[in-house]
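Novice: Quick check, what structure comes out for this input:
(one chain, ligands or ions: 1)
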Amino acid sequence: MTRPGGTWQNWARTEKVRPQVVEYPTTVEAVRRSVRSAAARGRAVKAVGAGHSFTGIAAAPGTLLDLTELSGLISVDRERRRVRLLAGTRLHRIPALLAPYALAMPNLGDIDRQSIAGAISTGTHGTGLRFGGISAQVVGATLVTADGDLLTVDDDHEPDLLPAVAVGLGALGILVDVTLQCVPSFGLHARERPEDFDTVLDDLDARMHESDHFEFYWFPHTDVALTKTNTRLSADAPIGPLSPAARLIDERIIGNGVHQLVCSAGRAAPPLIPAINRLSARVWGDREFSDASHRVFATSRSVRFREMEYAVPVEELAAAVREVRDIADSRGWRIEFPIEVRVAAADDRWLSTAYGRESGYIAVHRYWRADDRSYFDAVEEVLRARGGRPHWGKLHTLDAGELRARYPRFDDFLALRERLDPARMFRNPYLDRVLGA
Ligand SMILES: Cc1cc2nc3c(=O)[nH]c(=O)nc-3n(C[C@H](O)[C@H](O)[C@H](O)COP(=O)(O)OP(=O)(O)OC[C@H]3O[C@@H](n4cnc5c(N)ncnc54)[C@H](O)[C@@H]3O)c2cc1C
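Specialist: Numbers count the residues shown, from 1 in each chain. The predicted structure is shown next:
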């Protein structure tokens, strides 16, 4: 978000920059003018979404384009169930836009505050071994390129570029619209409960394969995993949603309010953290309900944290989680945030963390005021050794040299960047590190 005085900072408060210029284009033409004007002055230009990336991927020291107002539905192809959205549209607005057409996005991540362009640009994903991340839903996009021209990529225009543009890291141009492949609207039955951590790990393969959307949170220094198993329901199946009061208690008071207290107490008295984690794991989730898909997938997160997440080949997942557990428990740290474990189908997006392989995700978090470095470094070493690929929007230390070996189409992406942005109009320090200058 951009604050008075022109300073932009991200949600996690890990990045702060004072752009030379901030612009708020509300039309595609205005985006083209902004890009041309920045080019004429030799200034780098970058679009930001909701600023929910933990890395500096969205930092814009030159011209910052805030596309919040470039939002809404452009068109719907009812027959093919495809919707074209302006790039700044926030995910939480999409369900209402799709409701008149009885359509839904097939899968979502944990929250829905991101913009559609920001979410796809970093490879944002949810969970489910038969489902890809949000970028896997992209069937078309329009970019403003470095010379201010429009580049349309879809089935009929440069279709070969779609797998690159769908996870473009903001490096190929400014997205002005995105077309998504939707599905008929559906419900989800949610079952959330605390279970024995070792039992969950022993059974992980079956749970991943047999559930539509399985994930779990392990609370460090405990033997408790909070499992979440979501089962898809047809749109007309009866649903039993949480009452507004129950949702308020679960998410705002227990999920966020109690967790804020835990984090504050943990900072004041770190030795209490294991006991607090045991309590949290028991009270946080033991519930069953069903509701429209978007209301089950997305939750609210008001306790600020920092996060690192890696994708490993799914066959490595259980062993990797065990290794991370041993590290978290054995080094004397007191970790107040759970570790989140998810899965996703293989996809064909060149820079997707799930490119070409079914993937298991391990995400580690720390309260934003806590020191994350030694914990994240140790976990990163384990996940790198298992062929892990870091989430582009979450903290990691890899550079282009190391990333090239992890992405078979890395050099193809760089060649496309060279073609579309030879002068590096869309660069920033993070992209210099992960893609090269
Ligand atoms: C509380 C929280 C929960 C999260 N949960 C998940 C989760 O469940 N799963 C997951 O995978 N990730 C998750 N994330 C990470 C988040 O989804 C990604 O970092 C995502 O990119 C943020 O979207 P944004 O709109 O904030 O984009 P920003 O962070 O603002 O930008 C991200 C990138 O997109 C580019 N970009 C934005 N708009 C455009 C445009 N119009 N054209 C070209 N490039 C553009 C930016 O330049 C930048 O490179 C979470 C983050 C937070 C803070």
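
Novice: quick one: low-confidence parts of the chain?
Specialist: 1-5, 245-261, 263-269, 282-285 (pLDDT under 70).

Novice: Show me which residues of it sit near the ligand.
Specialist: By the rule C-beta under 6 Å from any ligand atom, the part of the chain lying against the ligand is 11-12, 46-53, 57-58, 67, 87, 109-111, 114-115, 117-119, 121-122, 124-125, 169-170, 174-175, 301, 391, 393. The C-beta positions use only the backbone N, C-alpha and C, and glycine is treated the same way.

Novice: Select from those every entry located in strands.
Specialist: 46-48, 174-175 (DSSP state E).

Novice: Quick one: the strands in the stretch 201-350 of the chain, in order.
Specialist: Listed in chain order, the strands of the stretch 201-350 of the chain (DSSP state E, counting those that start in this stretch) span 213-218, 224-233, 287-292, 305-313, 339-344.

Novice: quick one: strands adjacent to the second one?
Specialist: Its sheet considered, strand 224-233 pairs with strand 187-196 (antiparallel), strand 213-218 (antiparallel) by DSSP bridges.

Novice: Quick check: closest non-adjacent residue to residue 148.
Specialist: Distance criterion C-beta to C-beta, 6 or more residues apart in numbering; nearest residue to residue 148, sequence neighbours excluded, is residue 36 at 4.0 Å.

Novice: I'd like to know how far that neighbour sits from the ligand.
Specialist: Per C-beta to the nearest ligand atom, to the nearest Å, residue 36 is found 16 Å from the ligand.

Novice: For that residue, which three-state class applies?
Specialist: Following DSSP: H, G, I helix; E, B strand; the rest coil, residue 36 is assigned to helix.

Novice: Count the residues that sit near it.
Specialist: 16 (other C-beta atoms under 10 Å).

Novice: Likewise for residue 293?
Specialist: Neighbour tally, residue 293, other C-beta under 10 Å: 23.

Novice: Check residue 100 too.
Specialist: Neighbours of residue 100 under the rule other C-beta under 10 Å: 9.

Novice: you'd agree it is in a strand?
Specialist: No: with three-state DSSP as the criterion, residue 100 is located in helix rather than a strand.

Novice: contacting residues for the residue of the stretch 301-437 of the chain found nearest the ligand?
Specialist: Residue nearest to the ligand within the stretch 301-437 of the chain: residue 393 (2.6 Å; C-beta to the nearest ligand atom). Listed by C-beta atoms under 8 Å, 6 or more residues apart in numbering, the contact partners of residue 393 are 52-55, 57, 122-124.

Novice: hey, where'd the helices end up in the stretch 101-250 of the chain?
Specialist: 116-121, 162-165, 197-202, 204-210, 244-247 (DSSP state H, counting those that start in this stretch).

Novice: residues of stretch 348-364 that come out buried?
Specialist: 349-355, 357-364 (16 or more other C-beta atoms under 10 Å).

Novice: from those residues, which single one is nearest residue 277?
Specialist: Ranked by distance to residue 277 (C-beta to C-beta), the buried residues of stretch 348-364 are led by residue 364 at 14.0 Å.

Novice: Quick one: residues contacting the closest one.
Specialist: 307-309, 324, 328, 335, 337, 339, 375-376, 379.

Novice: where exactly do the helices run in the stretch 301-437 of the chain?
Specialist: Under DSSP H, counting those that start in this stretch, the stretch 301-437 of the chain gives helices at 317-330, 373-385, 400-406, 410-420, 429-435.

Novice: Highest mean neighbour count out of the strands paired with strand 224-233?
Specialist: Comparing these by mean neighbour count (mean count of other C-beta atoms under 10 Å), strand 213-218 ranks first with a mean of 24.

Novice: residues making contact with that strand?
Specialist: So strand 213-218 is contacted by 107, 126-129, 131, 188, 195, 197, 200, 207-208, 224-232, 281, 284, 297, 321, 325, 338-343 (C-beta under 8 Å, 6+ apart).

Novice: repeat for stretch 161-171
Specialist: Defining contact as C-beta under 8 Å, 6+ apart, one finds that stretch 161-171 is touched by 46-47, 57-58, 120-123, 135-136, 138-141, 143, 153-154, 172, 175, 348-352, 392, 409, 412-413, 416-417, 421, 426-427, 431, 434-435.

Novice: again, 6 Å this time
Specialist: Residues outside stretch 161-171 that contact it (C-beta atoms under 6 Å, 6 or more residues apart in numbering) are 120-121, 123, 135, 138, 141, 153, 348-352, 392, 413, 416-417, 426, 431.

Novice: Verify the stated contact: residue 357 with residue 347.
Specialist: No: in this structure residue 357 lies outside contact range of residue 347 using C-beta atoms under 6 Å: 9.3 Å.

Novice: Could you find the closest non-adjacent residue to whatever residue of the stretch 51-200 of the chain ends up closest to the ligand?
Specialist: Going by C-beta to the nearest ligand atom, the ligand is nearest to residue 118 of the stretch 51-200 of the chain, at 2.1 Å. Setting aside the residues directly before and after it, residue 118 is nearest to residue 49 in space (C-beta to C-beta, 6+ apart), at 2.5 Å.

Novice: what's the distance between the one you found and residue 79?
Specialist: 30 Å (C-beta to C-beta, to the nearest Å).

Novice: Of those two, which one has the most company?
Specialist: Set residue 49 next to residue 79 and count neighbours by other C-beta under 10 Å: residue 49 wins out with 28 against 6.

Novice: Run through the residues that contact that one.
Specialist: Residue 49 is in contact with 114-115, 117-118, counting by C-beta under 6 Å, 6+ apart.

Novice: repeat for residue 58
Specialist: Neighbouring residues of residue 58 by C-beta under 6 Å, 6+ apart: residue 48.

Novice: ok, 8 Å please
Specialist: Residue 58 neighbours (C-beta under 8 Å, 6+ apart): 10, 15, 46, 48-49, 51, 118, 170.

Novice: circling back: now the buried members of the contacts of residue 49.
Specialist: 114-115, 117-118.

Novice: Need those in a markdown table (columns: distance to residue 293).
Specialist: A markdown table is the format used below for the buried ones among the contacts of residue 49 (distance: C-beta to C-beta, whole Å):
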| residue | distance to residue 293 |
| --- | --- |
| 114 | 17 |
| 115 | 20 |
| 117 | 22 |
| 118 | 21 |
